[in-house]
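Participant: Sharing a sequence plus its predicted fold:
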Amino acid sequence: MDLETPLRSLLSNLGLELYDVELAKGTLSVTVNRDGGVDLESLTKANRAISEWLDLNDPIPGRFTLDVSSPGLERRLRTLDHFRSAVGEVVTLREKREGLATRRLEGPLLAVSDTTVTLADMTVGDVEVAISSLERARTVFQWGGEAKPSPSRGKPSSMTSKKG
């Protein structure tokens, strides 16, 4: 069942883009985005339009709940496009490893291929992970910029020697 194509078109008419769509556990989750973010009014319009389209076309048998939301500050990474759009951002991944404990990695996403992601993990360094082994992945929101050095650190020494 292809919901992406009609939903993408429907949302485009509202000035929104389809970020993700997933039907799981009786909930149709539709995540929408737009440059500059999505406001409550846009989410309301999207919810109404999608609901009307679903009522008219009835593509999903049985009962389900419709959930329309924005990706949020920490957005889930599920598709290749999601990963590609997050290159350069800090991400956290849960990697399933056969015969070993699940591994949690976090750091800037360096590269994405059709089958792997590479990130600069804060503990183990650069690591390449098969997308098929990912249990979960999301971007990490970081408050503010980099930490500034404290007044007692990072200043050049006041003692200088002059030769002359």
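Facilitator: Nice, I can see it.
Participant: which strand of this structure spans the most residues?
Facilitator: In the chain, assigned by DSSP state E, the strand with the most residues is strand 103-112.
Participant: buried set for it?
Facilitator: Across strand 103-112, burial judged by 16 or more other C-beta atoms under 10 Å covers 103, 105, 107-109, 112. Every C-beta, even on glycine, is put in place using the N, C-alpha and C of the backbone.
Participant: quick one: which of the residues you listed is nearest Phe64?
Facilitator: Of all the buried residues of strand 103-112, Phe64 sits closest to Val112, with 31.5 Å by C-beta to C-beta.
Participant: sorry, back to before: would CSV of the buried residues of strand 103-112 with distance to Ile60 and pLDDT be doable?
Facilitator: Output for the buried residues of strand 103-112, formatted as CSV (distance: C-beta to C-beta, whole Å; pLDDT from 0 to 100):
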residue, distance to Ile60, pLDDT
Arg103, 36, 91
Leu105, 35, 93
Gly107, 38, 94
Pro108, 38, 95
Leu109, 33, 95
Val112, 31, 95
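Participant: picking that back up, contact partners of the helix or strand following the longest strand of the chain?
Facilitator: Going down the chain from strand 103-112, the next helix or strand is strand 116-121, by DSSP states H and E. With C-beta atoms under 8 Å, 6 or more residues apart in numbering as the test, strand 116-121 has contacts from 83, 91, 93, 105-112, 126-131, 134, 137.
Participant: Repeat that for stretch 130-143.
Facilitator: For stretch 130-143, using C-beta under 8 Å, 6+ apart, the contacting residues are 73-78, 80, 83, 86, 89-97, 102, 106, 115-117.
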